[in-house]
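Colleague: following is a predicted model, sequence given first.
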Amino acid sequence: MNKREFLKDAIIFFPAAGVCGALAAQAAGNDPATAAPKATPGYDPTDHWYGMGVDVDKCIGCNRCVEACKTENNVPEEPFFFRTWIERYSIHADGEVKVECISTKTPEQRLAEQDQPVDPDVLRTFFVPKLCNQCAHPPCVQVCPVGATFQTKDGVVLVDEKRCIGCRYCIQACPYGARYLNPLTKTADKCTFCYHRITKGLLPACVEVCPTEARIFGDLKGKADRLVRFQRENMISVLKPDLNTEPKALYANLDGEVR
Amino acid sequence: MKRPEQMQRLGIILGLFLVVVVTRFFLLPESWISAKPHQAAKVVREMAKPVHYAGMATCRECHQEEYDTKLGGFHRTIGCENCHGPAAAHVANKDDKAATPPKHRNREFCLGCHGFVASRPNGFPQVDGQKHKPGKRCVSCHDPHDPKPDEAPQDCGGCHGLIARTKAMSTHAELACTECHQAPEQHLVEPRSACPTKPQGREACARCHDTASTDPAAASSRVDFSSHGRTYVCWECHYAHLPEGPK
């Protein structure tokens, strides 16, 4: 066999071997996509459209939701990886708005900030819990070049860590800063509304531990759902409504300065 | 019979086209072409992740008594795992001592929520950690499942910390809250069911601040109520808890 013949045969051999291999894998049921176990029986994702209500007037900034989220979802402990976090807004008399993330502080630092004298220059100060807004029109999904991030039928935006290539486009595209690059998997990571909990009928971990019911979780398709009632009884605002992302994180008593 | 050359070429093109179509639609697995099967698999993987927080309904199955105590008190909205931490491991194996949820007895744990921070909402009970029984553990006076103040709080600042602290540095520091507000007895037990009164008209301020008044404390801040501000009520321009800035 000379070189020319060898190359000619190789052109045929490699694609044919690939196709045969894939067929064999499919026949044996080893295909990574189709071999996965079946979903929770009795759960129909098309029956739900999940959202979260946040009553800003009730948040006491205890940071318990952030700790619970990290425990439940194995979010790295370093204080700059968050699926949910708490911001403190301080509106000053001269119009300046200061925003700081209190979740980056240690419990000792937060304890040391207590019992401070009141600053008469601050007109209004309050805590705002932030999380992925689980947009109905998610900009992060649009920009993913490999289809790794997608919206489920029940309205939750997930990231397939096996398909994600870690290009960070989605982190740039999210107008709410809700995504981060997980340093362990080197892939994009974000709030899932605790998808493994809500599909079993449990509440997301942050809602489960919130002491003042500042967070309300619910199903916007449920007529008598708690979140639907929350929506009806409060003036609801969303973050950055001008971007038409249609967020499903619904804020009540939100100050106009919150971005 | 020899086929015309152009037919041969067409045959090759058609053949290639057929091979591509058959490969694309019948031979290659769906997961090579579309992200949909990967996404469906991801949903299943996500649903199978382990749960760490068992949920209050699960705690209730064994700890009904604590649940009932909590339901009647101010801590009724707080899930068990807020204080006691994730309990799924404890639910799975009750005898595992290492997984038994902790009971926090230290003062700092309670102060994490109940210490004074200006950003906390008005009406949320907050104490000054340095002045309120320093060094004493909270649980020695307050039952965490049914916390009650020792007696109905006389000092409004226990829950209205920001207002009390703001007023303390204003010219109104000497005035008692009751000068302008009357709190019904019910407000101390069920705060949201009976709210304290607020002044309804200009008369409340006119008592001291009208030129006709003789109260010596307000001598330097009197205006003629018949002409000043006309139809506005005073608190549309002045904040009664900090009038015209700190003194």
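Modeller: Noted; the coordinates are in hand. In this text the structure is predicted, and so the values were computed from the model without any measurement.

Colleague: in stretch B:120-140, what's buried?
Modeller: Under the neighbour-count criterion of 16 or more other C-beta atoms under 10 Å in any protein chain shown, stretch B:120-140 has B:120-121, B:123-129, B:132, B:138-139 buried. In this view, the C-beta of every residue, glycine as well, is placed from N, C-alpha and C.

Colleague: what's the most distant pair in the residues you listed?
Modeller: Maximum pairwise distance among the buried residues of stretch B:120-140 (C-beta to C-beta): 24.5 Å, between B:121 and B:139.

Colleague: who in the stretch 151-259 of chain A is up against chain B?
Modeller: The stretch 151-259 of chain A comes close to chain B at residues A:152, A:158-163, A:192, A:195-197, A:199-200, A:202-203, A:205, A:208-213, as judged by C-beta under 8 Å from any C-beta of the partner chain.

Colleague: list only buried entries from these.
Modeller: So, of those, A:152, A:158-161, A:163, A:192, A:195-197, A:199, A:202-203, A:205, A:208-213 end up buried under the neighbour-count rule (16+ other C-beta under 10 Å).

Colleague: could you break chain B into its assigned domains?
Modeller: Domain segmentation of chain B under automatic domain parsing yields B:53-92, B:103-168, B:181-236.

Colleague: quick check: which element contains the residue sitting nearest the centre point of chain A?
Modeller: When C-alpha atoms, centre = their mean is applied to chain A, the residue found nearest the centroid is residue A:191 (2.4 Å). In the assignment (DSSP states H and E), residue A:191 maps to no helix and no strand.

Colleague: roughly how far apart are the closest residue in space to it that isn't next to it in sequence and residue B:75?
Modeller: For residue A:191, ignoring the flanking residues on the chain, the nearest one in space by C-beta to C-beta, 6 or more residues apart in numbering or on different chains is residue A:132 at 3.7 Å. Distance check for residue A:132 against residue B:75: by C-beta to C-beta, to the nearest Å, it reads 29 Å.

Colleague: go on, residue A:112?
Modeller: Taken as C-beta to C-beta, the span from residue A:112 to residue B:75 is 26 Å.

Colleague: buried residues in stretch B:205-216?
Modeller: B:205-206, B:208-210, B:213.

Colleague: quick check: residue A:158 is in a strand.
Modeller: Yes: the assignment for residue A:158 by DSSP: H, G, I helix; E, B strand; the rest coil puts it in a strand.

Colleague: residue of the stretch 51-200 of chain A with the smallest distance to chain B?
Modeller: Ranked by C-beta to the nearest C-beta, the top residue of the stretch 51-200 of chain A for proximity to chain B is residue A:147, at 3.0 Å.

Colleague: and that residue, what does it touch?
Modeller: A:163, B:34-35, B:38-39 (C-beta atoms under 8 Å, 6 or more residues apart in numbering or on different chains).

Colleague: out of the residues you listed, which comes closest to residue B:69?
Modeller: Of the contacts of residue A:147, the one sitting nearest to residue B:69 (C-beta to C-beta) turns out to be residue B:39, at 46.1 Å.

Colleague: and chain A, is the longest helix along chain B touching that?
Modeller: Across chain B, the longest stretch assigned as helix under DSSP state H is helix B:5-22. No: contact of helix B:5-22 with chain A (C-beta under 8 Å from any C-beta) is absent, the minimum separation being 10.0 Å.

Colleague: for that helix, list the C-alpha coordinates in PDB.
Modeller: Only the C-alpha atoms of helix B:5-22 are listed here, as PDB (Å, rounded to 0.1, in the frame of the first residue of the first chain):
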ATOM      1  CA  GLU B   5     -21.000  11.400 -18.800                       C
ATOM      2  CA  GLN B   6     -23.300  14.100 -17.400                       C
ATOM      3  CA  MET B   7     -25.700  11.400 -16.000                       C
ATOM      4  CA  GLN B   8     -22.700   9.800 -14.200                       C
ATOM      5  CA  ARG B   9     -21.800  13.100 -12.600                       C
ATOM      6  CA  LEU B  10     -25.400  13.700 -11.600                       C
ATOM      7  CA  GLY B  11     -25.500  10.200 -10.200                       C
ATOM      8  CA  ILE B  12     -22.500  10.800  -8.000                       C
ATOM      9  CA  ILE B  13     -24.100  14.100  -6.700                       C
ATOM     10  CA  LEU B  14     -27.400  12.400  -6.000                       C
ATOM     11  CA  GLY B  15     -25.700   9.500  -4.300                       C
ATOM     12  CA  LEU B  16     -23.700  11.800  -2.000                       C
ATOM     13  CA  PHE B  17     -26.800  13.800  -1.200                       C
ATOM     14  CA  LEU B  18     -28.600  10.600  -0.200                       C
ATOM     15  CA  VAL B  19     -25.700   9.500   2.000                       C
ATOM     16  CA  VAL B  20     -25.700  12.800   3.800                       C
ATOM     17  CA  VAL B  21     -29.500  12.800   4.300                       C
ATOM     18  CA  VAL B  22     -29.500   9.200   5.600                       C
END
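
Colleague: would you agree the residue of the stretch 51-200 of chain A closest to chain B falls within a strand?
Modeller: No: per three-state DSSP, residue A:147 lies outside any strand segment and is coil.

Colleague: and it, what pLDDT?
Modeller: pLDDT for residue A:147: 92.

Colleague: not counting sequence-adjacent ones, nearest residue to residue 187?
Modeller: All of this is about chain A. residue A:164 (3.8 Å).

Colleague: could you do chain B instead?
Modeller: In space, residue B:187 is closest to residue B:194, 4.7 Å off (C-beta to C-beta, 6+ apart).

Colleague: what's around that neighbour, how many residues?
Modeller: 13 (other C-beta atoms under 10 Å in any protein chain shown).

Colleague: my guess is it meets residue B:182, correct?
Modeller: No: at 10.8 Å, residue B:194 does not count as touching residue B:182 under the criterion of C-beta atoms under 8 Å.

Colleague: can you pull out the helices in chain B?
Modeller: Going by DSSP H, chain B shows helices at B:5-22, B:30-33, B:36-47, B:56-62, B:64-71, B:80-84, B:88-92, B:107-114, B:161-168, B:185-189, B:203-209.

Colleague: quick one, which of those is packed in tightest?
Modeller: helix B:80-84 (a mean of 22; mean count of other C-beta atoms under 10 Å in any protein chain shown).

Colleague: wait, does it contact chain A?
Modeller: Yes: against chain A, helix B:80-84 shows contacts by C-beta under 8 Å from any C-beta at B:81-82.

Colleague: find the nearest non-adjacent residue to residue A:122, please.
Modeller: Using C-beta to C-beta, 6+ apart, the closest residue to residue A:122 is residue A:90 (5.1 Å).
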